[in-house]
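Trainee: build me a model:
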Amino acid sequence: PGTELSFFEGTHISLPDPGNPWAKYPFRSGYATIGEVVEVGPDAPADAPHVGARIFFFGYHATWNLLSPEKVWLETPADLSDDAILLARLVQIAATGVEVLRRPPQRALVVGAGLIGLFAAQTLQARGCPFVVVQDVVPARLELARRNGLAHTALAEGAGLASARKLFGDESPDCVIEATGLASMVAPCLETVATNGDVSLLGIPRGESTLNLYRLVVRKNAALLGAHEGVIPDRAPPGQSSRQALIHEALAGMVAGRIRTEGLVSGHVLPQDCQTFYENLSRDKARWITAVIDWS
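Mentor: So this is what the prediction gives:
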């Protein structure tokens, strides 16, 4: 997905920023891992995973990983494929863009039909939003959206959101989730959202944006919301938002058919083929959207 690709392409906005030590080379990439526990430390708590357990956790692309048991992990559920379980991590990230909204929307627009945008749109639907539109510039990605239960799609016309706006008729969306990472899309999102509406910045902006804050934010009482997954803790008491809870919500949604993953893993690659995969992802977004790396 986009964050790893931005490091591969050298476009992540924080690479030259000394205030962000995480976004630097060498960068340890990876979102989610399934593996077998081979050793447990002597100070691990009683509820830590046991030796031999097959678990899902937030791991790097590597043969071996270290896991702190207070972090997010769970034993792999038997009723889902490994690919689906791994994709739950991306659903959790995408759900952050919905979690930050000030109120549940009735009409929503998601800009960008990459993996994060598609899962954000499905999360909106799964949580009861009756009308969700997805816009993208790549027809093949909109076809993926429709295959996965997102009926309302718009192929971008030019640089703005005119194509998507037509589907809302005389209404405007209560929320717009920006999932492309294009800084140039922030102003069109604010122009499109309804009065008192929310714009959620789910994609990591690549570049800077100049905005007429009075016209786009103040007069509309619009909210421009950051949606970095880091704002949500790994774990929290029941009823409070956490990444662990969002993972469980994603997996339950998959089992119930509310979150679908058809065609959302473009292929399985070996570690030595990662360079080729990222090159393909960079230049052919109609064919590639994500991949699972097989370290076995």
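
Trainee: in contact with E143, which residues?
Mentor: Taking C-beta atoms under 8 Å, 6 or more residues apart in numbering as the definition of contact, E143 has no neighbours. Backbone N, C-alpha and C define where each C-beta goes, glycine included.

Trainee: that one: which element?
Mentor: E143 is part of helix 139-147 when elements are defined by DSSP states H and E.

Trainee: can I get the CA coordinates of that helix in CSV?
Mentor: Taking Å, rounded to 0.1, in the frame of the first residue of the first chain, the C-alpha atoms of helix 139-147 are listed here in CSV:
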residue,chain,number,x,y,z
PRO,A,139,-11.0,1.9,-13.9
ALA,A,140,-9.6,-1.5,-12.8
ARG,A,141,-9.6,-0.4,-9.2
LEU,A,142,-13.3,0.8,-9.4
GLU,A,143,-14.1,-2.7,-10.8
LEU,A,144,-12.5,-4.1,-7.7
ALA,A,145,-14.7,-1.8,-5.6
ARG,A,146,-17.8,-3.1,-7.3
ARG,A,147,-16.7,-6.8,-6.9
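
Trainee: quick one: buried residues of that helix?
Mentor: R141, L142, L144, A145 (16 or more other C-beta atoms under 10 Å).

Trainee: surely G114 touches W288?
Mentor: No - between G114 and W288 there is no contact under C-beta atoms under 8 Å: 10.4 Å.

Trainee: format the buried residues of helix 139-147 as CSV; extra columns: distance to K71.
Mentor: CSV is the format used below for the buried residues of helix 139-147 (distance: C-beta to C-beta, whole Å):
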residue, distance to K71
R141, 32
L142, 36
L144, 31
A145, 32
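
Trainee: which parts of the stretch 101-250 of the chain are helices?
Mentor: Taking DSSP state H, counting those that start in this stretch as the test, the helices found in the stretch 101-250 of the chain are 115-126, 139-147, 162-167, 186-192, 213, 243-256.

Trainee: re earlier: list just the nearest of the buried residues of helix 139-147 to D294.
Mentor: Of all the buried residues of helix 139-147, D294 sits closest to L144, with 22.6 Å by C-beta to C-beta.

Trainee: residue contacts, that closest one?
Mentor: Neighbouring residues of L144 by C-beta under 8 Å, 6+ apart: A113, L118, E262, G263, L264, I289.

Trainee: so which two of the residues you listed are the farthest from each other?
Mentor: A113 and E262 (13.8 Å).

Trainee: which one's more surrounded, these two?
Mentor: A113 (31 against 9; other C-beta atoms under 10 Å).

Trainee: these two touch, right, that one and P139?
Mentor: No - with contact defined as C-beta under 8 Å, A113 and P139 do not form a contacting pair (9.8 Å).

Trainee: where along the stretch 101-250 of the chain do the strands fall?
Mentor: Under the criterion DSSP state E, counting those that start in this stretch, the stretch 101-250 of the chain contains strands at 107-111, 131-136, 152-155, 175-178, 198-201, 223-226.

Trainee: and those strands, which is most packed in?
Mentor: Comparing the strands of the stretch 101-250 of the chain by mean neighbour count (mean count of other C-beta atoms under 10 Å), strand 175-178 comes out on top with a mean of 31.
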